[in-house]
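Undergrad: I'd like to go over a predicted model; first the sequence, then the structure.
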Amino acid sequence: MFQPQDNLIHVATLNVRRLCTRDRLVKLQEALKNTYVDILAVTGLRWKGTGIMDLHDSDYRFFYAGPEDNKGPSGTGFFVSARMLPFIDTFQQEDDRISRQVHPLLLGDFNAKLGKKENEFECSVGPHVYDDQRNERGQLLSTSVSNYRYEL
């Protein structure tokens, strides 16, 4: 895994659209090998219960929380890099869709479409975009991120 040369925490979110087998988890783990993401939040996870899994041949630990049966809503999961593991004390499920730790970190896509940068001074939006158009939630997210000097 690439180790960043700064003290920033690199986070990302991904809707895995019903990732429900270990084979697919392994494929996602393989895709993470060439990234420098410290925490990857995954939504749309179809795993039952709550648990923690050390991944074979990986610099990540996988935390997951979902419904007790497959009739409930999709759950959530987190890939946490070895660099961040010392900072995690506990992991608990609040409900089927919300997991919590002592130092909360809010992750999700917020149904926001950021689109491309609106001007050359905007530094919160990266170079890779899915859609050129920005919606109202995207504008709110971009403004909030800029105000707190975060990056997306």
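TA: Thanks, I have the structure now.

Undergrad: State which strand of this protein is the longest.
TA: If each strand of the chain is counted by residues according to DSSP state E, the longest one is strand 11-19.

Undergrad: Quick check: mean pLDDT of that one?
TA: Strand 11-19 shows a mean pLDDT of 77.

Undergrad: Give me the buried positions along it.
TA: Buried residues in strand 11-19, counted by 16 or more other CB atoms under 10 Å: 11, 13-14, 16, 19. Just so you know, the C-beta spots here come from the backbone N, C-alpha and C atoms, and that holds for glycine as well.

Undergrad: Next one: the nearest residue to residue 84 once chain neighbours are set aside from residue 117, what distance?
TA: Distances taken as CB to CB, 6 or more residues apart in numbering put residue 38 closest to residue 84, at 4.9 Å, once the chain neighbours are dropped. When distance is defined by CB to CB, to the nearest Å, residue 38 is 24 Å away from residue 117.

Undergrad: Tell me which of the two has more neighbours.
TA: Set side by side, residue 38 and residue 117 show more neighbours around residue 38, with 21 against 16, by other CB atoms under 10 Å.

Undergrad: Can you verify my assumption that the more buried one contacts residue 10?
TA: Yes: contact criterion CB atoms under 8 Å: residue 38 and residue 10 qualify, at 4.8 Å.

Undergrad: related to what we said a few turns ago, ok, the buried residues of strand 11-19 vs residue 133, which is closest?
TA: Residue 133 has its nearest neighbour among these in residue 13, at 19.6 Å by CB to CB.

Undergrad: still on that earlier bit, partner strands of the longest strand of the chain, with direction?
TA: strand 39-45 (parallel) (DSSP bridges).

Undergrad: SS state for residue 138?
TA: Secondary structure for residue 138, judged by DSSP: H, G, I helix; E, B strand; the rest coil, is helix.
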